[in-house]
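J.: Got a sequence here, can you model it:
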Amino acid sequence: MRLLHAASRTHVRFDDPDLIACAGLVPVMRLGERAGLPELVTEHLRPADPKGVNAPAKVGCLVADMLAGADSIEDMGLLRHGAVGDLFGGVRAPSTLGSFLRALDWGNVRQLGKVNRLLRAGLAAQAPSLSGADVLAFVDVDSCQRRVYGPAKQGAAFGHTTIAGKSLLVRGLNALVGTLSTPTAAPVVAATRLRGGNAGSARGAASFVAETVTTARQTGATGTLLVRMDSAFYSGAVVAACRRGGAHFSITTPLDRKSARTVAAIGDDAWTPIRYPRAIWDEQTGQWISDAQIAEVPYTAFASSRAHRTDGRLVVRRVKDLNRKAAAGQGELFTAWRYHTVFTDSPFTLAQAEGQHRDHA
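T.: Below you'll find the model as predicted:
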């Protein structure tokens, strides 16, 4: 068997009026309605542009289309195929949905962010998915760069991202993402914030952390809450936001002169050996690592700021590094170490606190 037409001349179209390609949307959108999606959009989203009218129906179409696999405006016609129209009313054309999205300004995007956070709480009430959140839950905050290819794309700019272990400059948009998880439940996205492509990770991080912690509490994380972040978010304002929300923090610290002096003062008898459950690939040494040593010392961060001065503990993990100064075959005699430091007020033991933070990666 062979095709009789070139790929550029072959088109596939779903147009059978009696078939439904995405019947799974029925229970999903019913769940969204029960969680209050239409009412939340009506209450909180107020576009000034006339093209923003009928927002609940249009937002519902966008959500359903994306759940069905759409990733562009052209794909927003999925709900108009086959007999899907017999299941859903108020379906809008892709051009209408595109005009609606372009009518939203930055304030409207923030309003939709609030809708998303409140919807997360409504979904938790309808379909609990975070078992054990009333005992222990984790909030993970990260930033990511998503590439775009049009220079006229609103907000697009060159920013740093890591691809295959290398730091590169790419044109794109930057997003903050806050996820919520428990030791027995998979992560769910609790909050997001879209920024310009050249935005640094720490830009707006304090207010974003505060919003994410509030969402976590509304979602049912009423027990111990630990916010985990990498060194890009190491600031007094971010730590203060965690504490105002009643959450603990665990944040990677840059190995600056102060933390380096603190680490150097740790005695040899203070280190505790640990073994990873699964070996970790170390890109710097080019080998698998399955063991390390950990220690902790009291630490005061941001001491120069009266408003942000914070007492906690510095959790330090060290792994063997290549000693390039040692002669061939003498690496074991002159051990070199590479250190990873975490500033935290975690209520857990040293081994637990270090392992929990490592799970963030």
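J.: Identify the residues contacting V238.
T.: 202, 205-206, 209, 229, 249, 251 (Cβ atoms under 8 Å, 6 or more residues apart in numbering). C-beta coordinates here come from the backbone N, C-alpha and C atoms, glycine included.
J.: Show the backbone phi and psi for it.
T.: phi -70, psi -40 (degrees, to the nearest 10).
J.: can you check K258 too?
T.: phi -70, psi -50.
J.: Could you confirm R261 falls within a helix?
T.: Yes: the assignment for R261 is a helix, going by DSSP: H, G, I helix; E, B strand; the rest coil.
J.: List the residue ranges of the stretch 1-150 of the chain that fall below the pLDDT cut-off.
T.: Filtered on pLDDT under 70, the stretch 1-150 of the chain yields the residue ranges 1-5, 7, 10, 12, 14-15.
J.: As a check, name the ranges of all helices in it.
T.: 25-34, 37-44, 55-67, 94-102, 106-126 (DSSP state H, counting those that start in this stretch).
J.: Among those helices, pick out the one with the most neighbours on average.
T.: helix 55-67 (a mean of 20; mean count of other Cβ atoms under 10 Å).
J.: For stretch 23-42, C-alpha coordinates in CSV please.
T.: Extracted in CSV, the C-alpha atoms of stretch 23-42 (Å, rounded to 0.1, in the frame of the first residue of the first chain):
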residue,chain,number,x,y,z
ALA,A,23,-16.7,12.6,25.0
GLY,A,24,-14.3,12.6,28.0
LEU,A,25,-14.9,16.4,28.2
VAL,A,26,-18.4,15.8,29.5
PRO,A,27,-17.4,14.7,33.1
VAL,A,28,-14.5,17.1,33.1
MET,A,29,-16.5,20.2,32.2
ARG,A,30,-19.3,19.1,34.6
LEU,A,31,-16.7,19.0,37.3
GLY,A,32,-15.6,22.6,36.3
GLU,A,33,-19.2,23.8,36.6
ARG,A,34,-19.7,22.2,40.0
ALA,A,35,-16.4,23.9,41.1
GLY,A,36,-17.9,27.2,40.1
LEU,A,37,-15.9,28.1,37.0
PRO,A,38,-18.7,30.1,35.2
GLU,A,39,-19.6,32.0,38.4
LEU,A,40,-15.9,32.8,39.2
VAL,A,41,-15.3,34.2,35.7
THR,A,42,-18.5,36.3,35.9
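J.: ok, and what's touching it?
T.: 55-56, 59-60, 63-64, 67-68, 84, 87-88, 115, 118-119, 122-123, 125-127.
J.: out of the contacts of V238, what pair is the most spread apart?
T.: The largest separation in the contacts of V238, counting by Cβ to Cβ, is between A202 and F249 at 14.3 Å.
J.: helix, strand or coil for the residue nearest the centre of the chain?
T.: Note on the chain: the residue nearest the mean C-alpha position is V177, at 3.1 Å, using Cα atoms, centre = their mean. Following three-state DSSP, V177 is assigned to strand.
J.: residues in contact with it?
T.: By Cβ under 8 Å, 6+ apart, the residues touching V177 are 141-144, 189, 191-192.
J.: Of these, just the buried ones, PyMOL syntax please.
T.: Of these, the buried ones go into a single PyMOL selection, burial set by 16 or more other Cβ atoms under 10 Å:
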select buried, resi 141+142+143+191+192
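J.: from the contacts of V177, which single one is nearest T215?
T.: A191 (5.4 Å).
J.: part of a strand, is that closest one?
T.: Yes: A191 forms part of a strand when assessed by three-state DSSP.
J.: residues near the closest residue to A351 other than its chain neighbours, how many?
T.: Closest residue in space to A351, ignoring its immediate chain neighbours: I274 at 6.4 Å, by Cβ to Cβ, 6 or more residues apart in numbering. Using other Cβ atoms under 10 Å, I274 has 16 neighbouring residues.
J.: list the buried ones in the one helix or strand I274 maps to?
T.: Using DSSP states H and E, I274 falls within strand 272-282. For strand 272-282, burial by neighbour count (16+ other Cβ under 10 Å) applies to I274.
J.: Extract the C-alpha trace of it and format it as CSV.
T.: What follows is strand 272-282, C-alpha atoms only, in CSV (Å, rounded to 0.1, in the frame of the first residue of the first chain):
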residue,chain,number,x,y,z
THR,A,272,26.8,12.4,58.6
PRO,A,273,27.1,10.0,55.6
ILE,A,274,23.9,9.4,53.6
ARG,A,275,23.2,7.2,50.6
TYR,A,276,20.8,8.3,47.9
PRO,A,277,17.8,5.9,47.2
ARG,A,278,18.7,6.2,43.5
ALA,A,279,22.1,7.3,42.0
ILE,A,280,22.2,10.9,40.7
TRP,A,281,24.1,11.8,37.5
ASP,A,282,26.7,14.5,38.2
